[in-house]
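A.B. asks: Fold the following, please.
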Amino acid sequence: MRCFHDPRTARHDPRFRLTNGRVHRSAERAERAEILLGGLSELGLATETPPDVPMEAVTAVHSAAFVTFLRTAWSAWQALPEPGDEVVPNAFAQRDWARYPDSIVGRAGWHMGDTSAPLGEGSWEATLASAGCAVAAADAVAGGDRAAYALCRPPGHHTDRETAAGHCLLNVSAIAAERLRRVHDRVAILDIDVHHGNGTQRIFYERGDVLFVSVHADPADYYPFFLGYAEETGHGDGAGATLNLPLPRSTGDEGWVAAIEAGLERIAAFDPGALVLSLGLDAHENDPLKGMQVTFDGFRRAGRLIEAAGLPTAIVQEGGYLSPDLAVSLTSVLSGFGAGTAPRAT
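C.D. replies: Numbering: from 1, shown residues only. Have a look, this model is predicted:
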């Protein structure tokens with residue numbers, strides 16, 4: 001399996017995170033990539049540095065205003081009186097009546113959906129590099145590879161067409177899916193991150209050519225709260241092309257794997273030409289965000305099921321945060337998928 005990683009993604013290393021009214025260090029740190037690289041090394045999988053992302057791959061998914069904001073926000077923020085080191089909004093647009101503002105403080109509240117995706121000096125370069133990994137994996141699959149893995153960070157599935165949120169900047173999974181649409185009439189996305197991929201859902205909600213399936217913790221009491229419910233099934237041309245499978249936070253291997261099986265059945269009925277796997281590893285029982293109770297064996301089983309679906313698959317890294325088990329979670333999924341030199345579970 002070809003694997004893609006760009007060292008420039010380390011230039012995004014956010015510090016600010018607001019949780020339950022307290023300021024903490026962000027969970028989406030640059031060292032996540034180093035841990036995941038260690039997992040790839042254990043499997044004997046080397047990484048390639050991808051080419052620079054074609055800007056048309058980014059603008060196929062995101063608005064021009066959002067791309068301009070990400071590119072210019074940090075420098076504009078530094079022109080403020082006594083600026084902080086990171087762009088963190090303190091006012092948010094109410095879109096049903098809002099007007100697009102001139103102020104960088106106002107634009108931050110327009111293009112950032114919460115406070116958990118702060119922008120630093122290197123964030124734009126890093127998210128472009130992350131998108132480059134996703135495009136490289138999609139292009140490898142479009143070119144005939146059975147599967148490819150993109151070590152993307154920052155992740156992307158909480159970002160919609162013009163609003164970043166939840167540790168995410170450019171929506172790397174959506175960019176990969178749109179890239180695959182160049183060669184396939186239909187593409188499916190299977191998101192197994194413990195958080196619902198609300199940004200990805202919004203991007204494709206009115207389209208029938210991209211099926212979005214998400215297995216996640218019930219948003220009634222877990223981020224992102226406002227989307228991810230079972231009754232959300234698509235709209236207009238996209239009616240029926242969204243499947244949400246929310247689960248209790250107490251869910252362990254059996255319930256999680258059964259939901260993935262249900263999602264794969266829906267994907268098989270859709271008959272896509274290729275699959276994007278939004279690979280969150282934060283459903284693990286020891287992930288610091290405490291979303292579910294999945295074990296390494298559950299991840300291996302999921303990898304086997306997804307491989308058995310028989311679809312060309314671009315695997316795009318989403319969540320999974322700092323714990324000693326993060327690398328093992330990755331090797332569990334990929335070895336279940338049949339990648340690398342580790343013995344395949346039976």
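A.B. asks: Please count neighbours and contacts with C-alpha atoms only from this point.
C.D. replies: Will do.
A.B. asks: can you give me the helices for the stretch 151-300 of the chain?
C.D. replies: Secondary structure of the stretch 151-300 of the chain, counting by DSSP state H, counting those that start in this stretch: helices at 172-180, 198-204, 253-270, 296-308.
A.B. asks: and the shortest one, C-alpha only, in PDB?
C.D. replies: If I follow you right, that is helix 198-204. What follows is helix 198-204, C-alpha atoms only, in PDB (Å, rounded to 0.1, in the frame of the first residue of the first chain):
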ATOM      1  CA  ASN A 198     -20.800  17.100   9.700                       C
ATOM      2  CA  GLY A 199     -18.700  19.100   7.300                       C
ATOM      3  CA  THR A 200     -18.500  16.300   4.800                       C
ATOM      4  CA  GLN A 201     -22.300  15.700   5.100                       C
ATOM      5  CA  ARG A 202     -23.000  19.300   4.400                       C
ATOM      6  CA  ILE A 203     -20.800  19.400   1.300                       C
ATOM      7  CA  PHE A 204     -22.500  16.500  -0.300                       C
END
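A.B. asks: Run through the neighbouring helices and strands of it.
C.D. replies: With contacts taken as 3 or more C-alpha pairs under 8 Å, 6 or more residues apart in numbering; DSSP states H and E, helix 198-204 sits against helix 172-180, strand 210-217.
A.B. asks: Relative to the whole chain's centre, how far out is it?
C.D. replies: Averaging C-alpha positions (C-alpha atoms, centre = their mean, to the nearest Å) puts helix 198-204 11 Å from its chain's average.
A.B. asks: before we move on, back to that, could you say which of the helices of the stretch 151-300 of the chain is packed most deeply?
C.D. replies: Greatest average neighbour count among the helices of the stretch 151-300 of the chain goes to helix 172-180 (a mean of 29), per mean count of other C-alpha atoms under 10 Å.
A.B. asks: Run the angle between it and strand 210-217 for me.
C.D. replies: Interaxial angle of helix 172-180 relative to strand 210-217 (axes from the mean of the first three to the mean of the last three C-alpha atoms, to 10 degrees): 160 degrees.
A.B. asks: Can you list the low-confidence ranges for the stretch 201-346 of the chain?
C.D. replies: Where the stretch 201-346 of the chain drops to pLDDT under 70, the residues are 342-346.
A.B. asks: what do you get if the cut-off is 90, keeping everything else the same?
C.D. replies: The stretch 201-346 of the chain contains residues with pLDDT under 90 at 290, 323-324, 340-346.
A.B. asks: and if you look at the stretch 51-200 of the chain?
C.D. replies: For the stretch 51-200 of the chain, the stretches with pLDDT under 90 are 94-98.
A.B. asks: Do a quick rundown of the strands in it.
C.D. replies: Ranges of strands in the stretch 51-200 of the chain, per DSSP state E, counting those that start in this stretch, are 147-150, 187-191.
A.B. asks: which other residues reach the last one?
C.D. replies: Looking back up the chat, that one is strand 187-191. Strand 187-191 is contacted from outside by 173, 177, 180-181, 197, 209-215, 263, 267, 270, 272-280, using C-alpha atoms under 8 Å, 6 or more residues apart in numbering.
A.B. asks: got the angle for that strand vs strand 210-217?
C.D. replies: Using the same axes, to 10 degrees: strand 187-191 against strand 210-217 is 10 degrees.
A.B. asks: Pretty sure residue 322 sits against residue 286.
C.D. replies: No. Between residue 322 and residue 286 there is no contact under C-alpha atoms under 8 Å: 9.5 Å.
A.B. asks: Isn't residue 146 up against residue 309?
C.D. replies: No. Using C-alpha under 8 Å, residue 146 is not in contact with residue 309; the gap is 11.6 Å.
A.B. asks: would a markdown table of the helices of the stretch 151-300 of the chain with distance to residue 233 be doable?
C.D. replies: Putting these into a markdown table (distance: least, C-alpha to C-alpha, whole Å) gives the following:
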| stretch | distance to residue 233 |
| --- | --- |
| helix 172-180 | 18 |
| helix 198-204 | 10 |
| helix 253-270 | 12 |
| helix 296-308 | 22 |
